[in-house]
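Engineer: Following is a predicted model, sequence given first.
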Amino acid sequence: MSVLSQLADRLWCPWLLGLFLLTGAVYSLGSGFFQLLQWPVWWRATAGCLLHRRGRTGGGLSSLQALATALASTMGTGSLAGVAAALTLGGPGAVFWMWVSAFLGRMTSCGEKLLSVRYQRPAPGGGLQGGPMFYIRDGAGLPALAACFALACVPATLAGGNLVQSSSIASCLEAAFGLPRLPVGLAAALLAGLVMVGGVGRIARVSSALVPAMALLYLGGGAAVLACRWERVPQALALIFSCAFSPAAVLGGGAGWSVAAALRHGVARGVFTNEAGLGTSAMAHGAARAGHPAVQGMWGIFEVFLSTLAVCTVTALVILVSGAWHPWEAEALTGAPLTAAAFSSVLGGAGSAIVSLSLLLFAFSSILGWSYYGQQCLSYLSGDSRLLGAYRAVFLLCTALGAVWEPEGVWALVDLCNALMALPNLTALLLLSPQALTCLAQWRAGKGEKNAKPY
């Protein structure tokens, strides 16, 4: 897997790192830092609607169902295992760069979701469909680039959306309860298959039930840990900021961190946890029936806020304040086992149970969300659904085999697939930024059309 790691590093540093941050900066500057200065607007349009059940008309998912489906994939094991891996590889400074990427990525996510609804189309089996394939082809006028995105997305769903999730489930359950890996993978594959056959409607319904439960469980457990170690929180925050610019000063540089490593792993893990710039979660939002494209863009901002700025920050702080993080040791824990150890060191057996159950819910829901993305891209490439049966079989096989896959190799493959998928999507987002920002400005001014769709 060293070849994959080297190739991924060459793509990410500095090219993709810069492109992700540039795209976020273009949308942030172009909108007047809407995600910060206009936070009451997007907060009322999202969190303010959570207590009000709204029916959907005319087919398609509701905005909340689309959000739940998207969060099912974004709030995967990257929120638990990925953050721990970023701390090990890039040091505490990686958390700072994760925050930076999430701050800018909120507007990138807004643009993706807005464009996905603006260029959505009726789905062959009923409902709606949208995503990067359509706004790259119909908006940017680049059908070859749209096909490149879809081609890169299919293997990405098998790697980051499947192998990583299954591997993390198996490793955590093995560490916590001594369960054998392969049976865990087979059980996950069986359950995923039962949901996948119901299509996006069943995936959305299951996600709508799982996402709130797993978010409350994990954030509640993390809040309990931070409350027990509240006196260490300021020190952890200071460590994050100091390591972002001078990691060698910590531990005498013995952990081998550098600013480049913090930047590379912080942005990469941030992208993997919130998917802003990848374009994947935009496919879930593209199935929503929204009154205006910008409305769905507000949910894109909220999505990144919850998945990275809330969940990932809790993970990082819990690890840093728990006393379970020992990067200078040769056999130091990393990934999901480190997160579990951090929770259990403060909450005992209850902490380990919280992480194990959260990991099961996060990873399983993520598998469901990514399976939908893979099917969407494959249908786009083939023009029909004749290959979906074969894809589902391969996807479920990867779910089973991922349980016995080495995590290090999986992460290298994930970074490579994400890079190949992000390149065409970020290119299109930059080309379409004037259109997306104009649509957002018109909506804010109340001048946009009620249903601004091109079909």
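Structural biologist: Alright, I've got the coordinates. The model shown is predicted, which means the values in this text are computed figures rather than measured ones.

Engineer: Only the buried residues of the host helix or strand of residue 423, if you could.
Structural biologist: Using DSSP states H and E, residue 423 sits in helix 407-431. The neighbour-count check on helix 407-431 (16 or more other C-beta atoms under 10 Å) flags 407, 409-431 as buried. Backbone N, C-alpha and C define where each C-beta goes, glycine included.

Engineer: Next: stretch 119-131.
Structural biologist: Quick answer for stretch 119-131 (16+ other C-beta under 10 Å): 119, 120, 121, 123, 127, 128, 129, 130, 131.

Engineer: separation between residue 42 and residue 34?
Structural biologist: Distance, residue 42 to residue 34, using C-beta to C-beta, to the nearest Å: 7 Å.

Engineer: Touching both of those two, which residues are there?
Structural biologist: Shared contacts of residue 42 and residue 34, defined by C-beta atoms under 8 Å, 6 or more residues apart in numbering, comprise residue 301.

Engineer: circling back to that earlier point, will you turn the buried residues of stretch 119-131 into JSON lines that also has pLDDT and distance to residue 298?
Structural biologist: What follows is the buried residues of stretch 119-131, written out as JSON lines (pLDDT from 0 to 100; distance: C-beta to C-beta, whole Å):
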{"residue": "119", "pLDDT": "95", "distance to residue 298": "18"}
{"residue": "120", "pLDDT": "92", "distance to residue 298": "17"}
{"residue": "121", "pLDDT": "90", "distance to residue 298": "22"}
{"residue": "123", "pLDDT": "83", "distance to residue 298": "23"}
{"residue": "127", "pLDDT": "81", "distance to residue 298": "21"}
{"residue": "128", "pLDDT": "87", "distance to residue 298": "18"}
{"residue": "129", "pLDDT": "90", "distance to residue 298": "21"}
{"residue": "130", "pLDDT": "92", "distance to residue 298": "16"}
{"residue": "131", "pLDDT": "92", "distance to residue 298": "18"}
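
Engineer: Max pairwise distance over the residues you listed: which two?
Structural biologist: 119 and 127 (15.6 Å; C-beta to C-beta).

Engineer: Tell me who's in contact with residue 419.
Structural biologist: Residue 419 sits next to 8, 11, 12, 16 when contact means C-beta under 8 Å, 6+ apart.

Engineer: Type out the PyMOL command that picks the buried ones from those.
Structural biologist: To isolate the buried ones among those in PyMOL, judged by 16+ other C-beta under 10 Å, type:
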select buried, resi 8+11+12+16
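
Engineer: Tell me the one of the buried residues of stretch 119-131 nearest residue 146?
Structural biologist: residue 131 (9.6 Å).

Engineer: who's in contact with that closest one?
Structural biologist: Residue 131 makes contacts with 116, 279, 282, 283, 286, 376, as judged by C-beta under 8 Å, 6+ apart.

Engineer: Look up how far residue 303 lies from residue 35.
Structural biologist: Residue 35 is 12 Å from residue 303, by C-beta to C-beta.

Engineer: What strand or helix carries residue 364?
Structural biologist: helix 349-382.

Engineer: Identify those among the contacts of residue 131 that sit within helices.
Structural biologist: Per DSSP state H, helices hold the following members of the contacts of residue 131: 116, 282, 283, 376.

Engineer: re the thing from before, what mean pLDDT does the helix holding residue 423 get?
Structural biologist: What helix 407-431 shows for mean pLDDT is 82.

Engineer: Following element in sequence after it, please.
Structural biologist: helix 433-445.

Engineer: could I get that next one in CSV with only the CA atoms?
Structural biologist: Backbone C-alpha positions of helix 433-445 (Å, rounded to 0.1, in the frame of the first residue of the first chain) are rendered in CSV as follows:
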residue,chain,number,x,y,z
SER,A,433,-19.5,29.8,-8.7
PRO,A,434,-20.9,33.0,-10.3
GLN,A,435,-24.1,31.3,-11.1
ALA,A,436,-24.4,29.7,-7.6
LEU,A,437,-23.6,32.9,-5.8
THR,A,438,-26.1,34.9,-7.9
CYS,A,439,-28.8,32.4,-7.1
LEU,A,440,-28.0,32.7,-3.4
ALA,A,441,-28.0,36.5,-3.5
GLN,A,442,-31.4,36.5,-5.3
TRP,A,443,-32.9,34.2,-2.7
ARG,A,444,-31.6,36.4,0.1
ALA,A,445,-33.1,39.4,-1.6
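
Engineer: what helices or strands is it leaning on?
Structural biologist: helix 17-30, helix 93-118, helix 293-304 (3 or more C-beta pairs under 8 Å, 6 or more residues apart in numbering; DSSP states H and E).

Engineer: hmm, 10 Å instead?
Structural biologist: For helix 433-445, the elements it packs on are helix 17-30, helix 34-37, helix 39-45, helix 93-118, helix 293-304, judged by 3 or more C-beta pairs under 10 Å, 6 or more residues apart in numbering; DSSP states H and E.

Engineer: ok so, going back, now do the buried residues in the helix holding residue 364.
Structural biologist: Applying 16+ other C-beta under 10 Å to helix 349-382 flags 351-380 as buried.

Engineer: Tell me how far that helix lies from the chain's centre.
Structural biologist: Taking C-alpha atoms, centre = their mean, to the nearest Å, one finds helix 349-382 lying 10 Å from the centre of the chain it belongs to.

Engineer: Could you tell me the angle between that helix and helix 407-431?
Structural biologist: Orientation check (axes from the mean of the first three to the mean of the last three C-alpha atoms, to 10 degrees): helix 349-382 against helix 407-431 gives 50 degrees.

Engineer: Give me the below-cutoff pLDDT ranges for the stretch 51-200 of the chain.
Structural biologist: 51-60, 176 (pLDDT under 70).

Engineer: Could I get the full set of helices for it?
Structural biologist: Secondary structure of the stretch 51-200 of the chain (DSSP state H, counting those that start in this stretch): helices at 63-74, 81-90, 93-118, 132-134, 143-158, 164-177, 181-196, 199-228.

Engineer: quick check: angle from the helix or strand following the longest one to helix 199-228?
Structural biologist: Counting by DSSP H and E, the element after helix 199-228 in chain order, helix or strand, is helix 233-245. Helix 233-245 and helix 199-228 meet at an angle of 120 degrees, taking the same axes, to 10 degrees as the criterion.
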